[in-house]
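K.L.:
Pasting the sequence and the predicted model now:
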Amino acid sequence: MHIMRRLFGLVWPFKWWMGLAVLLGAFTVGSSIGLMATAAFIIAKAALHPSIADLEVAIVGVRFFGIARGVFRYFERLVSHNVTFRLLAQLRVWFYEKIEPLAPARLMTYRSGDLLSLVINDIETLEHFYVQVIAPPAVAVLVAIIMWVFMGSYGARLADTLLAFLLAVGFGVPLVSRWLSRGLGKIIIESRSELNVVLVDGIQGLGDLLAYGQESRQLALAQARSQEVIDAQRRMAHITGLSDALNSLLANLGMVAVIAVAIPMVQAGRFSGVQLAVLALAALSAFEAVLPLSSAAQFLESNVEAAQRLFAIVDATPMVQDRRETLPPPSNYGLQAHNLHFRYAETEQPALNDVSFNLPAGGRLAIVGPSGAGKSTLVSLLLRFWEYQKGQIVLGGHDLRAYRQEDVRRRIAVVSQHTHLFNDTVRANLLLAKPEADQDELYAAARKAQIHKFILSLPDGYDTWIGEQGLLLSGGERQRISIARALLKDAPILVLDEATTNLDVLTERNVLQTIYNAMEGRTTLMITHRLVGMENMDEIIVLRHGKVIERGTHTTLLQQAGFYQRMWQLQNQILPTQVAFASERIQQREMAMNSVSAFS
Amino acid sequence: MNIDKRLLSEAKAVRVGFILTITLGFLGGVATVLQARYVSDIVNDAFLEHATLVRLQPLFLILLLVIGARSLFIWGGNIAANSVAGTVKQTLREKLFAHIVALGPTYASGERTGELTNTVVEGIEELNAYFSQYLPQLVLAALVPLTVLFFVFPRDPLSGLVLLLTAPLIPVFMVLIGYLADALTKRQWRSLSRMSAHFLDMLQGLTTLKILGRSREQIDTIAEISDRFRHTTLSVLRVAFLSALVLELVATISTAVVAVEVGLRLLYGHMVFREAFFVLLLAPEFYLPLRMLGTRFHAGMSGVAAAKRIFEILETPLPVSVFPAVNDAPPLRMDIHFQNVYFAYEGGGRPALQGVSFRIPPGEKVALVGPTGAGKSSIAHLLLRFIEPDQGEISVNGVPLGAFRADVWRQRVAWVPQRPYLFHDSVVANIRVGRPYANRAEVLRAARLAHVHEFVASLPAGYDTIIGEQGTRFSGGQAQRIALARAFLKNAPLLILDEATSNLDPEIEALVQEATSSLMEGRSVLIIAHHLSTIYQADQIVVLNRGRVVESGQHAALLRRGGLYQQLVTAYGGGV
């Protein structure tokens, strides 16, 4: 149980809190037992018509236990929530710390938001590890020991009888139901994901289905898949129903058995008949401690699965590691690639195949080609996110691998279509690039990116909240903010990775103008599949299927009448229909802003 | 609209199962009472009458039978309840999905698709607890305590009264918790989900943070935010849990009160032990169903929340045609007229077409040209009968288009959208969407015509490759050619084609263009055109802007006019 050891390692820092919560949990159940046992004592004793003085202690006891149960439960809930939230904080920090060195190469498959939310779901599952998995058995064991001692004071056989039934409910029933439902949980999950696939197909592909008259087939398919899910759930309900029934059966039988064992003892004069009622009710109440173990067993399974997935992610070794001996940061920012080869995995086609170029300090190089040509791969290699297999990239006269990763990244500013804007203020997003920047620097960068005036026009200026991934901004505004961020970073190398993709023609032109300002005095690498502004570049490299197929300037490439020229022609015969309606966009944004301020 | 009422009407269809669930729950309650009866008899006889085990044997046997029966009732009740929930879920899911399909792709588009899928899968699942737990418990929470009272009252009216008077406190406090604590905890959940969103934001932006050299610093931020959340939440919970404490106290203190009150009367000989012990055994059982209702209340409420969304979708009106239906099959040689057609999305909130008129004569190719939002897709969707015009008429050879059955009409139409959807299935099945009973040779021929055969043949399992598995991602150009193959296979007289703009690989583009040209031959074609080379092939060009036809005619004439068309064509300064 290697996984369990690691899981316990994660919760170990909270051992004292957990211990306290377990004690309080045991006291809660103990109070119930106490309440019923003393109540039974009062009644049984009263049946013998003693003086009221003989009942006084018990009457106080019954009141005490009646109140204590609620109070213990109250504190138990507070303490266990405290543990849960501490655990959550700890898990997040742990996961982030582990995953940070792995990004982004090892997380390629988790790039989309969906998969990341699955990770978050797993963390949220584990957040309940104490409450759902650790606490129930711990409380059960504690209560079982107390009951064993209590019953044992009347007779060993009584103690053993109750313990046997407690074990049957706590271990036997979960084991039986686990054995009966083996494989069924997997069937339910799988049939549910199959249903999901059919529905996603049906809803996202609805137009295609309707146009081709296939909708009734998809409906029938969905119906069948849904029935499979429900049939599997029904089978599961039979088993959970059985385990509920067994729990009730065993708890009641436990009480009956205790009575049956106690009666001869009473007759033998081992203890008074009054105790018979006490033992019966104490025994029955004790089962409250073991009943939650069935669900704890299920939670254990889902927790272990979640942990397995998370450990599998964080256990990867970083794709790129610094060498033991590194060079001091580069002082010259010329970039060269010599016969660069790279493939993402052994089994895949090479993403870059013998790529070479020379970008002198302060020069401008464009790398163009259709999507999938390997352009963005080149950027990832430059940023040291991946390790190239053959050839080399040279920065300032030395192999890139000779520097510390951080030193390389500090010298590169990137504007890409994937630039992430955080759910924070404009100011905070900009300052990420340089936290110590003062107001003047901030404004200067924004001015140069032609976004300063726009930011001032926002409701709270630089302190305006820009929403998840900057969704309240238009594409052009987002891009300008990321340009301002890149400018604020003030790095000697500027990488533009499809910086104007998804912008309409007019905005594209304006943003490009901004980018040209930013290029001044910097070594610039521009990656694009749109041939716009190419006349401003010193050299253009045409990449296709990871290979350099043409190189030259805009003019010479057009004269060559090759692939570049055909791309150019194709691009120019597409009508620029993505015209932005500025007024509508502004209206939409205002609506969105209003809804945000309504929330806060 | 009252959700509970609507959900109850769904339960009507499974009345038998529901009644069975309740009956078994009720029988379980009766068994509980009997069990208390025999336990108190046995303890009484052994304690006060010194009965031996042998003498008590008959009572023990009956008790074991009662306990066994009680377990069987629990098992059966569980099965019946889940079977009810299963049937309701299946019926509602079918209804919901069928309604979404009938609403068509205009409704189920864009951002909404994820939410809709989620509602059909998870939303329906949320109803499980409502039907299998909350609803039966609602009835049993009244039925079982009443049964207990029915037995307790004749034996001990005073204890009966104590139970009867304290019982309503539980629902009352429960409602109070519902109002007080729920608002507090809900607010906390919101801040919890905000905190999760922050964490997700950090993970999604990790690459950006790394490029900016700020990724390590975020560790402290995450720890700090989580810690702050813990502090505020715990201070809220300290109050929220108080109401749960009160609820707990009502049940336990009432039990204590019953014990003392019964004990004292016993002491003074106003009662016998047998009855007193019986009442004590039943006291916790009396409160149990009421407290269970509390724990199942949440499940019930999330079911109601899910149901709200489900019924919202089910009540969205379907697009309907106002024309009296004809049974005739649509003609093969068609002359299509748009006459002063209006259409608006969101029930008139967002106008898309404002009086559009044009004609697609038999066998001609009409190109729609215009900026984003001009109404091009709306025209295609109208012709596909995904939506119906608000005003004006579309006619085919003089017959209103709306008079044909939509599915029969669509048999005459082939559609190649800009971003065709590829189903999670084999390539051959994806092409067969065009004609389900086409044989393999026909599929291969269509693929060849669409110039996608070579690409498919190069896949790991050829035509049997499952799309999206084994790292086979289809690019836009490849998906489009699959859609072209579907259209070739369908071989319909009317072709609606939405050209892609994003494909900038000239070699792939050339293949698409070639296939498109051969597909258009001999058919009526409506093409939403973005490429000049396609527009040149059109018999007529209709230029749209903001829902209106601004000009139409042929390329040369439109260019001379110097209108929107001329602006669009010369935007790059090239290509003419």
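P.N.:
Cool, got the structure.
K.L.:
Can you tell me which helices and strands the host helix or strand of residue A:518 packs against?
P.N.:
If you go by DSSP states H and E, residue A:518 is part of helix A:505-519. In this structure, helix A:505-519 packs against helix A:439-448, helix A:475-489, strand A:493-497, with contacts taken as 3 or more Cβ pairs under 8 Å, 6 or more residues apart in numbering or on different chains; DSSP states H and E. Where you see a C-beta, it was placed from the backbone N, CA and C, and this is true even at glycine.
K.L.:
Now do it, average pLDDT.
P.N.:
For helix A:505-519, mean pLDDT rounds to 82.
K.L.:
Most proximal residue of chain B with respect to chain A?
P.N.:
Nearest residue of chain B to chain A: residue B:78, at 2.8 Å (Cβ to the nearest Cβ).
K.L.:
what are the phi and psi angles of that residue?
P.N.:
phi -60, psi -50 (degrees, to the nearest 10).
K.L.:
Excluding sequence neighbours, find me the nearest residue to residue A:7.
P.N.:
In this structure, residue A:7 finds its nearest non-sequential neighbour in residue A:307, 5.3 Å apart by Cβ to Cβ, 6 or more residues apart in numbering or on different chains.
K.L.:
Poorly predicted segments of the chain, please.
P.N.:
Going with chain A. For chain A, the stretches flagged by pLDDT under 70 are A:1, A:108-115, A:468-471, A:578-600.
K.L.:
Let me rephrase: I mean chain B.
P.N.:
B:1-3, B:110-111, B:178, B:180-182, B:185, B:469-473, B:502-503, B:572-576.
K.L.:
ok, which stretches of it are strands?
P.N.:
For chain B, the strands defined by DSSP state E cover B:336-345, B:350-360, B:365-369, B:391-396, B:399-400, B:413-416, B:494-498, B:524-528, B:540-545, B:548-553.
K.L.:
now do the stretch 251-400 of chain A
P.N.:
With DSSP state E, counting those that start in this stretch as the criterion, the stretch 251-400 of chain A has strands at A:335-342, A:352-359, A:364-368, A:390-395, A:398-399.
K.L.:
Residue A:564 in helix, strand or coil?
P.N.:
Residue A:564 falls in the helix class when you classify it by DSSP: H, G, I helix; E, B strand; the rest coil.
K.L.:
Tell me how many other residues crowd it.
P.N.:
Neighbour count for residue A:564, taken as other Cβ atoms under 10 Å in any protein chain shown: 26.
K.L.:
how about the strands of the stretch 251-400 of chain A, which one is nearest residue B:475?
P.N.:
strand A:364-368 (17.3 Å; Cβ to Cβ).
K.L.:
in what helix or strand does the nearest residue to residue A:25 once chain neighbours are set aside lie?
P.N.:
Spatial nearest neighbour of residue A:25, chain neighbours left out: residue A:139 (4.1 Å); criterion: Cβ to Cβ, 6+ apart. Secondary structure from DSSP H and E places residue A:139 in helix A:135-152.
K.L.:
Get me the contact residues on the stretch 251-400 of chain B for chain A.
P.N.:
Residues of the stretch 251-400 of chain B found near chain A (Cβ under 8 Å from any Cβ of the partner chain) are B:252-253, B:255-256, B:258-260, B:262-264, B:266-267, B:269, B:272-273, B:276-277, B:280-281, B:284, B:369-373, B:384, B:386.
K.L.:
now, which of these lie within helices?
P.N.:
Those of those mapping onto helices are B:252-253, B:255-256, B:258-260, B:262-264, B:266-267, B:273, B:276-277, B:280-281, B:284, per DSSP state H.
K.L.:
Which ChimeraX command selects the buried ones in the residues you listed?
P.N.:
Buried subset of those, written as a ChimeraX selection, criterion 16 or more other Cβ atoms under 10 Å in any protein chain shown:
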select /B:252,253,255,256,258,259,260,262,263,264,266,267,273,276,277,280,281,284
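K.L.:
Can you name every helix or strand that the helix ranked longest in chain A contacts?
P.N.:
In chain A, with assignment by DSSP H, the single longest helix is helix A:215-267. Counting contacts by 3+ Cβ pairs under 8 Å, 6+ apart, helix A:215-267 is packed against helix A:156-167, helix A:173-180, helix A:184-204, helix A:206-211, helix A:274-286, helix B:15-48, helix B:53-103.
K.L.:
would TSV of these with distance to residue A:373 be doable?
P.N.:
Formatted as TSV, the helices and strands packed on helix A:215-267 follow (distance: least, Cβ to Cβ, whole Å):
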stretch	distance to residue A:373
helix A:156-167	66
helix A:173-180	53
helix A:184-204	28
helix A:206-211	29
helix A:274-286	71
helix B:15-48	61
helix B:53-103	39
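K.L.:
I am finished for the moment; much appreciated.
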